[in-house]
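Colleague: have a look; sequence and predicted model below, questions after that.
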Amino acid sequence: QDTSPDRKWLIFDGPVDAVWIENMNTVLDDNKKLCLMSGEIIQMSRGMNLIFEPMDLAVASPATVSRCGMVYMEPAAMGWKPMVDSWMDTLPTVFGDVERSNIRNLIDWLIPPLLHFVRKSCVETAPTVDQNLVKSGLNLFSAQLTLFKDEREY
């Protein structure tokens, strides 16, 4: 158990299930106790915080949403470009402004027609959103750039 005064975060990612969120009510109360199905009770410290990254809020009650302070954004509302902006900041330092501009232009030129192709000409066995597809493409691109990373960047 970490007793440092540093803030700790518990991140919950996925769909908000009605039964699951009902079990979270004890954590959301002022006593901040997490009661597990096994009967174990975990007391959260003052420095512990929860972050919910829900897939949707279809079964969440208004009370749960207001208690958690959840903010839901449709994936289409954000788009994929902010993710590319963030990824560009992770490029190896060996790339100068010209190379970064060329990489960004390449991404901006390729991604829209590729997404259009996937949506109109492909059958997905599991549904995806544009951000997931772009992130997968950026991961593949990043794997090709490892040769350019300075060892001090690891």
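Modeller: Sure, I can see it.

Colleague: check which element follows the lengthiest helix in the chain along the chain.
Modeller: As assigned by DSSP state H, the longest helix anywhere in the chain is helix 97-121. Downstream of helix 97-121, the next assigned helix or strand under DSSP states H and E is helix 130-144.

Colleague: give the buried residues for stretch 82-93.
Modeller: For stretch 82-93, the neighbour count (16 or more other C-beta atoms under 10 Å) marks Met83, Val84, Trp87, Leu91 as buried. All C-beta spots, glycine's among them, are computed from the backbone N, C-alpha and C.

Colleague: so the last one sits in a helix?
Modeller: No - the secondary structure assignment for Leu91 gives coil rather than a helix, going by DSSP: H, G, I helix; E, B strand; the rest coil.

Colleague: downstream of the lowest-mean-pLDDT helix or strand in the chain, the next helix or strand is which one?
Modeller: Ranking every helix and strand in the chain by mean pLDDT, DSSP states H and E puts helix 18-23 at the bottom, with a mean of 69. Sequence order places helix 25-28 as the next helix or strand after helix 18-23, per DSSP H and E.

Colleague: any idea how far that next one is from the chain center?
Modeller: Averaging C-alpha positions (C-alpha atoms, centre = their mean, to the nearest Å) puts helix 25-28 23 Å from its chain's average.

Colleague: does the spatially closest residue to Lys135 that is not a sequence neighbour count as helix, strand or coil?
Modeller: Nearest non-adjacent residue to Lys135, counting by C-beta to C-beta, 6 or more residues apart in numbering: Met83, 6.3 Å away. Following three-state DSSP, Met83 is assigned to helix.

Colleague: who's in contact with Met83?
Modeller: Gln131, Val134, Lys135, Leu138 (C-beta atoms under 8 Å, 6 or more residues apart in numbering).
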